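Asker: below are the sequence and a predicted model; questions follow.
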Amino acid sequence: MIVAKNVSKKFGKFYALNDVSVTCHKGECIALIGPNASGKTTFIKCILGMVVPDSGVINFNNNSIARSWLYRNQIGYMPQIGRYPENMTIAQVFNMMKDIRKPIGTHDDELVNSFELDKIMQKRMRTLSGGTTQKVSASLAFLFNSDVLILDEPTAGLDPVSSEILKEKIIREKNKGKLILITSHVLSELDDLVTEVIYMQEGKLNFQKSLLMLKQETGEQKLAKAIAKVMITSNQ
Amino acid sequence: MMQKIFSIIFLSMFFLFCRNTEGKTISVGKNKSVQSIQKALAIAKNGDTVLVYAGLYKEGNIFIKKSIVLKGINFPVLDGENKYEIISISANDVTVDGFKVQHAGRSEIKDLAGIMIYDSYNVTIINNILDDTNFGIYSQHSRKCTIKNNSITAYGKNEVQSGNGINCWRSDSLLIIGNTIKGHRDGIYFEFVTNSLIWRNISTENVRYGLHFMFSQDNNYITNLFKDNGSGVAVMYSHGVKMFNNFFEDNWGDAAYGILLKDISDSYIEGNHFLRNTVGIHMEGSSRIVLQRNEFINNGWAIKIQASCDNNVITKNNFLGNTFDIGTNGSLVLNTFNGNYWDKYEGYDLDKNKIGDVPYHPVSLYSMIIDNNPSALMLFRSFIVSLIDKSEKIIPTVTPENLKDDYPLMLPLSL
Amino acid sequence: MKKIIKYVIVDLLRNKIVLFYTLLSLIISFSIFNLESNTSKGLLSLLNIVLIIVPLVCMIFSTIYIYNSAEFIELLVSQPLRRRTIWISLFIGLSVSLSLAFLIGIGLPIIIYQPNSTGFMMLLMGFLLSIIFVSIAMLASASTRDKAKGIGFAILLWLYFSLIFDAIVLFILFQFQDYPLEKPMIIFSFLNPIDLSRIQILLKMDIAALMGYTGAVFKDFFGTTTGIVVTTIVLSLWILIPVWISAKKFGKRDL
């Protein structure tokens, strides 16, 4: 569904992405893992067209995304820190997004309800706490039943209950056969979710493996430990 | 002064009255014994009165060679059919009163007028309406003539083809009072005229100048209105000029002036009002003029004073809302500018004596820049111009340092 | 596009600074007209506001607004929208609300106190200047990602158009004062929207007569219908070109 071939991006002299090639299929839930400044967010932004790669191609459903924008109709995106026009109420933000997206079928309000956002719809965005803003971001990402979900640090800033609600939602959506890309620092969360792992370091793709394979190779049951082991061996 | 004027008027009236009683009266009209003015003139003797009743008289050139009174009743019309000079006077003590004089001729060789006075003494032209006369009233080599309460209108389109409203040449002791002049080349034109009074005339919409004189010494101009003339008023090569309480208004256009003073000396310009002129007063080669108690309002330049002027005193004037107060072209300053009110003055008065404590420099740097470099018009009223003007006012560098008012008034004078 | 414009305008109309700008200019213009006994003198005082304050406010406000909307822009870019659409919508939104603020704050008093051709010209020029400086602000903010640098750049540009450019012109005038510069000055005035607007307004006030031959040349060019049409075209280019370049820059920019 998403195929990136030899994608490179330089910021000044610094390679944010260096010759990255990955393939993501429908029905997969992929964890994008790596230390800070390894290029995860840049890669996501490349997929979303927010960052234009210096070289390489990204195909979405076999079409290049360069200079196109309509493909984003099939992506739900939850940014790391969502910031919205301060003077708008939550309801207005939702309406605006619905306005922009021309959705096919009905809206998926499940998260709105479970986060109990419907009770504070009239609050202005600037009055919201970081956690509530994250809830809004998450709800918006899932609102349009998009085929692809890209979640950048989705649980950061969420309380455990909400975090759990979100995780369950991700699993349900995965089971519907959607492609889900997640970046997260908290690896332990990802155990129940992911089927595949992309590991990046200093802008380079280290490996792309299914979770199963990774566990077999390292002999660990937990993702966190498996990754730790990979890191140790790669450093040696 | 005033008394003198009145006594002159009174005396002249008195003499007229006296003479009228001496002569006989000849009536001219359709139903009268005499039907043409020419005929009446032929039979009249010195001291007679010719009364002309209303009607249209096309009698070519009416030449008065006797001392008579020619008086119109209900404005009889004398028509020159665009061919003739209508009334010519070549006799002393003639009065022409109450006619409508129209359609004078036009000639390339000779100046044809509505009413022409040749070499005469004590002629009175009063209460006439002149319409479409090339030159209106023309006096040459004459003395002690009175031109009063006439309305003179022409329809001049350009300078070459039109004549002057009241044109005086080599004359002396004229009284020109209360005339209304419109649409000529120059409203009032004097050349070699002396000791005359020009009082309460209204000269408007003339093609060139409202008032124009040269080589005319010791004349007084009092309470006249010069408005909307092509180039305002131009006065040249004269001395002893007194201009009091005149109004110079709306002379707006390229090279238009309230007054253009060229080589004028020993004169007084007092209590005049200069409103909305491109240049209120333009002075060139003029000396020893006292300019005081005048009002300069909303002019482009209130006064442009060339470096060729000296010993002029500019004092107790109001400068209000002018784009530029003073313009000059050199750094040498031989004139004084003390004790005026300038609305652009931004100084202070700590000792409360109603005189500003710091001098005012009325010449703006920008006005000097555009004088040398007219293309700087592009920057007119721009931010940078106001900045350099402000700094120049504080520390004069280019503008003449001595051109300043050391005693600027804090409040406008009531004029 | 309409939808985004709508949301930008709704957001801007609620913005307290735009409201404050409108009210302040309303108060200033009314007090200028009421304090000056002579309304055409009031118009002259207003001229400086139109030529200096309006561009400054439009420039700084738009630049800051764009930088403050970085996240909002990011959010929109991740949505199925063309970047150019987003950028142009921002431009239109800013232009509409700032020119509306001008028309209410300064236009209304002009219409009340000076409903003549001078007033109308000032209205038109202030309106166009508002949009031009929004456009230039878009360019400034598309040029750099650093907010401080961007605002600094915007102020520098404003300074350039209101002061530095004229200083250069003055310098040229003195360097080449032996040459006929009337026609080159017309060309120069095209290079600065503030100069061009000022000349148009002043010509309506009939100051050309003050300046002899140059005045006549200016009047012959700018005073005619052709001149006004050319001016309007040039000012429109001043709107279109910066916003077009900035849209290009924004299209290639990494968020």
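Answerer: Done, it's in.
Asker: got the residues of chain B near chain C?
Answerer: Residues of chain B lying close to chain C (Cβ under 8 Å from any Cβ of the partner chain) are B:252-256, B:278, B:298, B:300-301, B:321, B:323, B:369-370, B:372-387. Bear in mind the C-beta positions are built from the backbone N, C-alpha and C, glycine included.
Asker: most remote residue from chain C's center?
Answerer: Note on chain C: the largest C-alpha distance from the chain mean falls to residue C:178, namely 33.5 Å (Cα atoms, centre = their mean).
Asker: just the pLDDT for it.
Answerer: Residue C:178 is assigned a predicted lDDT (pLDDT) of 84.
Asker: any idea which helix or strand carries it?
Answerer: According to DSSP states H and E, residue C:178 maps onto no helix or strand at all.
Asker: okay, now the nearest residue to residue A:209 once chain neighbours are set aside: neighbour count?
Answerer: For residue A:209, ignoring the flanking residues on the chain, the nearest one in space by Cβ to Cβ, 6 or more residues apart in numbering or on different chains is residue A:197 at 5.8 Å. By other Cβ atoms under 10 Å in any protein chain shown, 24 other residues sit near residue A:197.
Asker: check the gap between residue A:197 and chain C for me.
Answerer: 24 Å (Cβ to the nearest Cβ, to the nearest Å).
Asker: so what pLDDT did that residue get?
Answerer: 90.
Asker: which secondary structure state does it sit in?
Answerer: Residue A:197 carries the three-state label strand when classified by DSSP: H, G, I helix; E, B strand; the rest coil.
Asker: buried residues in the lengthiest helix in chain A?
Answerer: Longest helix in chain A, counting residues (DSSP state H): helix A:160-175. By neighbour count on 16 or more other Cβ atoms under 10 Å in any protein chain shown, the buried set for helix A:160-175 is A:162-163, A:165-167, A:169-170, A:173-174.
Asker: what strands line up against the following helix or strand past it, and which way round?
Answerer: Per DSSP H and E, the first helix or strand lying C-terminal to helix A:160-175 is strand A:179-183. Take DSSP bridges as the rule and strand A:179-183 pairs in its sheet with strand A:29-33 (parallel), strand A:148-152 (parallel).
Asker: other residues contacting the first one?
Answerer: Spelled out, that is strand A:29-33. A:24, A:40, A:43-44, A:170, A:174, A:179-184, A:187, A:190, A:193-200, A:211, A:223, A:227 (Cβ atoms under 8 Å, 6 or more residues apart in numbering or on different chains).
Asker: hmm, 7 Å instead?
Answerer: Applying Cβ atoms under 7 Å, 6 or more residues apart in numbering or on different chains, the external contacts of strand A:29-33 come out as A:24, A:40, A:43, A:174, A:180-184, A:187, A:190, A:193-200, A:227.
Asker: quick one: distance of that strand to the chain centre.
Answerer: Strand A:29-33 has its C-alpha centroid displaced from the chain centroid by 8 Å (Cα atoms, centre = their mean, to the nearest Å).
Asker: and the angle from it to helix A:160-175?
Answerer: 120 degrees (axes from the mean of the first three to the mean of the last three Cα atoms, to 10 degrees).
Asker: dump strand A:29-33 to CSV, restricted to CA.
Answerer: Provided in CSV are the C-alpha atoms of strand A:29-33 (Å, rounded to 0.1, in the frame of the first residue of the first chain):
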residue,chain,number,x,y,z
CYS,A,29,0.3,-2.5,12.2
ILE,A,30,3.8,-1.2,11.9
ALA,A,31,5.9,0.2,14.7
LEU,A,32,8.3,2.8,13.7
ILE,A,33,11.1,2.6,16.3
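Asker: what helices or strands is the helix or strand just after that strand leaning on?
Answerer: Counting by DSSP H and E, the element after strand A:29-33 in chain order, helix or strand, is helix A:40-48. On a contact count with 3 or more Cβ pairs under 7 Å, 6 or more residues apart in numbering or on different chains; DSSP states H and E, helix A:40-48 meets strand A:2-11, strand A:14-24, strand A:148-152, strand A:179-183.
Asker: swap in 6 Å and give it another go.
Answerer: The contact analysis (3 or more Cβ pairs under 6 Å, 6 or more residues apart in numbering or on different chains; DSSP states H and E) places helix A:40-48 against no helix or strand.
Asker: residue nearest the centroid of the chain?
Answerer: No chain in the question, so chain A it is. residue A:151 (2.3 Å).
Asker: who are the contact partners of it?
Answerer: A:78, A:182 (Cβ atoms under 6 Å, 6 or more residues apart in numbering or on different chains).
Asker: how close does the residue in the stretch 251-400 of chain B that chain A sits nearest to sit to residue C:170?
Answerer: Distances between the stretch 251-400 of chain B and chain A by Cβ to the nearest Cβ are smallest at residue B:383, namely 34.7 Å. Taking Cβ to Cβ, to the nearest Å as the measure, residue B:383 falls 12 Å from residue C:170.
Asker: go on, residue B:305?
Answerer: Residue B:305 is 25 Å from residue C:170, by Cβ to Cβ.
Asker: residue A:46 now?
Answerer: 51 Å.
Asker: which of these two has more residues huddled nearby?
Answerer: The neighbour comparison of residue A:46 against residue C:170 (other Cβ under 10 Å) goes to residue A:46, with 24 against 20.
Asker: who touches the more buried one in this structure?
Answerer: Taking Cβ under 6 Å, 6+ apart, we find residue A:46 in contact with residue A:53.
Asker: what confidence value was assigned to it?
Answerer: At residue A:46, pLDDT is 90.
Asker: so the residue positioned nearest the centre of chain B is in which element?
Answerer: Ranked by distance to the mean C-alpha position of chain B (Cα atoms, centre = their mean), the top residue is residue B:211 at 3.2 Å. Element membership of residue B:211, judged by DSSP H and E, is strand B:209-214.
Asker: who's in contact with that strand?
Answerer: B:186-191, B:203, B:226, B:229, B:231, B:233-237.
Asker: neighbour-wise, which of those leads?
Answerer: residue B:187 (33 neighbours).
Asker: tell me which residue of chain A lies closest to chain C.
Answerer: Residue nearest to chain C within chain A: residue A:83 (3.2 Å; Cβ to the nearest Cβ).
Asker: quick one: the helices in chain B?
Answerer: B:2-22, B:37-43, B:365-372, B:383-394.
Asker: confidence-wise, which of these is weakest overall?
Answerer: helix B:2-22 (a mean of 61).
Asker: give the contact list for residue C:158.
Answerer: Residue C:158 touches C:55-56, C:59, counting by Cβ under 6 Å, 6+ apart.
Asker: same check, this time on residue B:219
Answerer: Residue B:219 is in contact with residue B:196, counting by Cβ under 6 Å, 6+ apart.
Asker: low-confidence stretches in the chain?
Answerer: All of this refers to chain A. Along chain A, the parts satisfying pLDDT under 70 run over A:102-105, A:235-236.
Asker: look at chain C instead
Answerer: For chain C, the ranges with pLDDT under 70 are C:37-38, C:40, C:206-212.
Asker: what segments of it are helices?
Answerer: So, for chain C - with DSSP H - the helices run C:2-13, C:16-35, C:39-48, C:54-68, C:70-77, C:83-102, C:108-113, C:117-143, C:147-159, C:165-175, C:182-190, C:193-204, C:212-222, C:225-252.
Asker: what residues does chain A put near chain C?
Answerer: A:48, A:50-51, A:69-70, A:72-73, A:77, A:83, A:85, A:87, A:96, A:99-100 (Cβ under 6 Å from any Cβ of the partner chain).
Asker: farthest pair in those residues?
Answerer: A:70 and A:87 (29.4 Å; Cβ to Cβ).
Asker: which one's more surrounded, these two?
Answerer: residue A:87 (16 against 11).
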